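My questions concern the predicted model and sequence given below.
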Amino acid sequence: GALLAPPERPAPPDFPDPSAQLDEVRADFGRLRGYLAGVELPPGAGERLGELTGLLGALLEPGWVAEVLAADPDGVHAVSRAVRQDVPEAVDAYVRARWWTRMTPGQEPPERHLERQLTLLREEAARLTDRLRDAEARRQESHTRYLEDRSG
């Protein structure tokens, strides 16, 4: 009889909960906001940065939106990369370039690059938001079809 029993199988790997990863990104986002509060930006770049951080903050806010984000590994990676790398690097590059521009006037203003970078990051975050919204809408439609099939 022991030969007929299925063999013992190894336990699958225990990967961390995606929401725990979002908690880490949320904490890093708080540190990023602290850093950004100490940086003086021109009005146009400040406005674009506010739009971007507002969108990132909304995606990371605990609740159902964050749950939808946690279910999308590519989305979590994109938000993590924006918070931990893209935004700090763009702002830091601006701060360093601004100093050099003061030493050598007549160069292209670094705020143009910063504004463009922040615009691109905002567009990327907006595409992610659209993708998450569409995925949620597909889930809702699928549930409706399931209920219709069950009742019919």
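That came in fine, so what should we check first?

so where's the protein uncertain?
Regions of the chain meeting the criterion pLDDT under 70 cover residues 1-3, 5.

Would you map the helices across it?
In the chain, the helices defined using DSSP state H lie at 18-37, 43-60, 64-70, 73-81, 87-103, 110-151.

and these as TSV, adding distance to L4 and mean neighbour count?
Glycine gets a C-beta too; all of them are placed from N, C-alpha and C. Below are the helices of the chain laid out as TSV (distance: least, Cβ to Cβ, whole Å; neighbours: other Cβ atoms under 10 Å):
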stretch	distance to L4	mean neighbour count
helix 18-37	39	15
helix 43-60	52	18
helix 64-70	42	16
helix 73-81	40	16
helix 87-103	60	15
helix 110-151	38	14
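
Need the ones you listed in CSV (columns: distance to R9).
What follows is these, written out as CSV (distance: least, Cβ to Cβ, whole Å):
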stretch, distance to R9
helix 18-37, 24
helix 43-60, 37
helix 64-70, 28
helix 73-81, 25
helix 87-103, 44
helix 110-151, 31
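
quick one: contacts for D14?
Residues near D14 by Cβ atoms under 8 Å, 6 or more residues apart in numbering: none.

List phi and psi for it.
For D14, the backbone dihedrals (degrees, to the nearest 10) come out as phi -100, psi 90.

same deal with P10?
Residue torsions, per degrees, to the nearest 10, at P10 are phi -70, psi 150.

Distance of it relative to L41?
Counting by Cβ to Cβ, to the nearest Å, the gap from P10 to L41 is 53 Å.

for D130, same thing?
Taking Cβ to Cβ, one finds D130 at 27 Å from L41.

gap between A78 and R84?
A78 is 11 Å from R84, by Cβ to Cβ.

swap in W64?
Noted for W64: a distance of 24 Å to R84, by Cβ to Cβ.

tell me the contacts of Q107?
Contacts of Q107 (Cβ under 8 Å, 6+ apart): 100-101.

hmm, 10 Å instead?
By Cβ atoms under 10 Å, 6 or more residues apart in numbering, the contact list for Q107 reads 97, 100-101.

Including distance to Q107, could these go into CSV?
Formatted as CSV, these follow (distance: Cβ to Cβ, whole Å):
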residue, distance to Q107
A97, 8
W100, 8
T101, 5
